[in-house]
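**Q** The sequence and its predicted three-dimensional model are supplied below.
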Amino acid sequence: MNANHLADTRDAIILLGKEFEFASGIRALAADHIFREKGIDDPDELFDACEELIGSASLFESYDDALNTRPTEFVLGQGCPFQSLNAYIELAQVYRSDWVRLALTEYAAHYGSVKLRKLAPRNAEEMTDRARERFGDAVLFKVGTDVGKSLEGLSSRFNSALSLRGNATT
């Protein structure tokens, strides 16, 4: 491993840790799910898969962009969240399948707040558990939104068909 790679990994750990400590961690758990289910490791493909899984609001969380519909004072970057997506890919390559837990424990032990440094593994686990709940909620919300849009489209087409049928009989 070269020194540049270590700096990149450290920066990726810090970025991931800040997401879990100060934001929801939903995007990282979505990426982890996608890595496991689809084996995607390209940032563009990961972006699309995350957006499909959790929606734009959760994907753009903590980024200063118009698509972040719930901005807060905590900002990781400008525009698209490729900084985070690239960090996830880096961490998954370094830590393999347990990248979230291992990188988050590393963050809690060495880079997080003083409060996190005490009992770092347990604190990392607690942050991950909270993020899992939020991730589940985000996926359900996205599915509900998609179903709602589908029903709206179906209802619209059904009403159009009824109006055409009504026009044909008059």
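**A** Everything's here; your move.
**Q** What is the burial count for residue 133?
**A** 11 (other C-beta atoms under 10 Å). All C-beta atoms are positioned from the backbone trio N, CA, C, and that covers glycine.
**Q** what about it, distance to residue 127?
**A** 11 Å (C-beta to C-beta, to the nearest Å).
**Q** and residue 77, what are its bridge partners?
**A** With DSSP bridges as the criterion, residue 77 is bridged to residue 63.
**Q** quick one: it and residue 63 touch, right?
**A** Yes - between residue 77 and residue 63 a contact is recorded at 5.4 Å, counting by C-beta atoms under 8 Å.
**Q** More neighbours: which of these two?
**A** Each of residue 77 and residue 63 has its neighbours counted (other C-beta under 10 Å); residue 63 has more, 21 against 14.
**Q** and that one, what is it in contact with?
**A** By C-beta atoms under 8 Å, 6 or more residues apart in numbering, residue 63 lies in contact with 75-81, 84.
**Q** let's see it at 10 Å
**A** If you count contacts by C-beta atoms under 10 Å, 6 or more residues apart in numbering, residue 63 has them with 23, 27, 71, 75-84.
**Q** Name the nearest of these relative to residue 112.
**A** Proximity of the contacts of residue 63 to residue 112 was ranked by C-beta to C-beta; the top entry is residue 23 with 13.6 Å.
**Q** Can you tell me the closest non-neighbouring residue to residue 100?
**A** Nearest residue to residue 100, sequence neighbours excluded (C-beta to C-beta, 6 or more residues apart in numbering): residue 32, at 5.3 Å.
**Q** right, I mislabeled it, should have said residue 57
**A** residue 69 (4.8 Å).
**Q** where does the one you found fall, phi/psi-wise?
**A** Backbone geometry at residue 69, expressed as degrees, to the nearest 10, gives phi -80, psi -10.
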